[in-house]
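Chemist: Coordinates only, no sequence provided:
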Ligand SMILES: O=C(O)CCC(=O)C(=O)O
Ligand SMILES: [Fe+2]
């Protein structure tokens, strides 16, 4: 493994996962801190302009998803993206299993990404889901859930590749949480360049006075006031 990729796995292993699991349990999202260096962010963002290496490009306005665009990587994923996906999965799988247990769900997630992806592929979810997103002035990402078939890994990660305040203004990462029969709660996760946020894809358990209940989460990005913003999205289930 080249030095920098080994390094990505080590950076992820070095995070305080006990603390982060607590944040995930309380808020449905946790800022992971800096994962990528500015030059690594710039290198990934620069891939956006290339033709090769992607399986599709989505113009969000055409689908009512917002304004801006994104491109799904084709297999094989760029090495740093594959390294992030593998190393993050390893740490998130125990949290996902804890959630499944508390929600009374039978599904358990294997400890390694390769084994989970084998399950996805056996279920006909074979297309890679990691993506690069690009937003310009006025662009935004409507609240959504990244579901790509019946098989869902319940956590995902986004890495901000651009420098807020320098390369763009506005464009905050936002989550909403819909509790049963209650009004929604919003959460903004401030990120700096290279920082990542882990968050619930669609549901998470919340402990109530009469047992555990399920809340529904959505995420999106508020309107960019100026500049250009790139994100790397790391989703663990593959797509049908
Ligand atoms: O651009 C962002 O910060 C969010 C991107 C997104 O929707 C995702 O990574 O799934
Ligand atoms: Fe998303």
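Modeler: Sure, I can see it. Bear in mind the structure is a predicted one, so any value in this text is a computation, not a measurement. Ligands and ions are numbered 1, 2, ... in the order given.
Chemist: what sits against residue 36?
Modeler: 8, 44, 80, 159, 161, 194, 196 (Cβ atoms under 8 Å, 6 or more residues apart in numbering). The way it works is simple: take the backbone N, C-alpha and C, and place the C-beta from them, glycine included.
Chemist: for residue 223, same thing?
Modeler: Taking Cβ under 8 Å, 6+ apart, we find residue 223 in contact with 138-140, 170-171.
Chemist: Nearest residue to the residue positioned nearest the centre of the chain in space, please, no chain neighbours.
Modeler: Nearest to the centroid of the C-alpha atoms of the chain, with distances taken as Cα atoms, centre = their mean, sits residue 157, at 2.6 Å. Distances taken as Cβ to Cβ, 6 or more residues apart in numbering place residue 234 nearest to residue 157, at 4.4 Å, with adjacent residues excluded.
Chemist: Could you identify the most distant pair in the contacts of residue 36?
Modeler: 8 and 161 (14.3 Å; Cβ to Cβ).
Chemist: Sheet-wise, list the partners of the helix or strand hosting residue 216 with their directions.
Modeler: Here residue 216 sits within strand 211-221, counting by DSSP states H and E. In the sheet containing strand 211-221, its partner strands are strand 140-144 (antiparallel), strand 173-178 (antiparallel), strand 203-208 (antiparallel), by DSSP bridges.
Chemist: max-length helix in the chain?
Modeler: The residue-count maximum for a helix in the chain (DSSP state H) belongs to helix 79-102.
Chemist: for the residue lying farthest from the centre of the chain, what are its contacts?
Modeler: Distance from the C-alpha centroid of the chain peaks at residue 210, with 31.1 Å (Cα atoms, centre = their mean). Listed by Cβ under 8 Å, 6+ apart, residue 210 has no contact partners.
Chemist: any idea how far it lies from residue 42?
Modeler: Distance check for residue 210 against residue 42: by Cβ to Cβ, to the nearest Å, it reads 50 Å.
Chemist: try residue 232
Modeler: When distances are taken as Cβ to Cβ, residue 232 and residue 42 turn out to be 12 Å apart.
Chemist: Ok, residue 231 next?
Modeler: Distance from residue 231 to residue 42, counting by Cβ to Cβ: 14 Å.
Chemist: Would you mind listing the residues touching both of the two?
Modeler: Residues touching both residue 231 and residue 42 (Cβ under 8 Å, 6+ apart): residue 161.
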